[in-house]
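# could you look at this predicted model? Sequence included:
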Amino acid sequence: MGKRREGREAALQFLFSNELNQLGTEAERSAFWELRRAKPLVRAFAEELVEGTNKHLEEIDTLIDAATPDYDLDRIAKVDHNILRIAIFELIHLTEVPQPVVINEAIEMAKRFSGEESGKFINAVLDSIRKKLSVAGS
C-alpha cells in the first residue's frame, strides 16, 4: 500500500476517532498514534490531511451540504462524511494529486470502511463538487 493511501486511511481513522473521543490534547493524539502505528512519511501525510481538513472544515462542509441537497449533514454516516472531508480538502488544497485519483481513493476507502452503497454516494458527491470546482476555476 502506498504512502498516500495509508496516510488517507490513517487520517480517516483519526478524524473518526476524534469525533467519538475529542482527541484535543497532545497526549490524546499521541495515544492514537501509539495504537495506529505508521511510518513517519505516512503519519506526516495523515497529519497534513487532518490539520488541513480541520482548518477548512466550514468551507468543506458547505460544499458537502450544497452537493447533497436531499440530505441533512447529520444524516450522512460519520465515516462517509469524513471520507468526503478528506477528499474535498485534497481536491481544493493538495492539487498535485490528480482529481480522478483523489476521487478513486475516496471510493476505495468507502468500499473498505463503510456500507455497500457508500462508494456510489461518495463518487456522486465528489463528482458534483469536482464539476463545481472546475467551473469556478475556469
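Perfect, I can see it now.
# without its sequence neighbours, what residue ends up closest to His93?
Nearest non-adjacent residue to His93, counting by Cβ to Cβ, 6 or more residues apart in numbering: Gly52, 5.7 Å away. C-betas here are computed from N, CA, C, even on glycine.
# relative to Leu84, how far out is that neighbour?
14 Å (Cβ to Cβ, to the nearest Å).
# mind listing the strands for this protein?
Counting by DSSP state E, the chain has no strands at all.
# shouldn't Asn82 be in contact with Asn18?
No. Judged on Cβ atoms under 8 Å, Asn82 makes no contact with Asn18 at a distance of 9.1 Å.
# quick one on the thing from earlier: spit out the contact partners of the residue nearest to His93.
Gly52 makes contact with Phe89, His93, Leu94 under the criterion Cβ atoms under 8 Å, 6 or more residues apart in numbering.
# the second one touches His56, doesn't it?
Yes. With contact defined as Cβ under 8 Å, His93 and His56 form a contacting pair (6.8 Å).
# what packs against the lowest-mean-pLDDT helix or strand in the chain?
Ranked by mean pLDDT, DSSP states H and E, the weakest helix or strand in the chain is helix 26-35, scoring a mean of 71. Helix 26-35 makes packing contacts with helix 3-21 when contacts are defined by 3 or more Cβ pairs under 8 Å, 6 or more residues apart in numbering; DSSP states H and E.
# quick one: contacts of the helix it packs on?
By Cβ under 8 Å, 6+ apart, helix 3-21 touches 23, 28, 32, 36, 38-39, 41-50, 53, 78-79, 82-83, 85-86, 97, 105-106, 108-109, 112-113.
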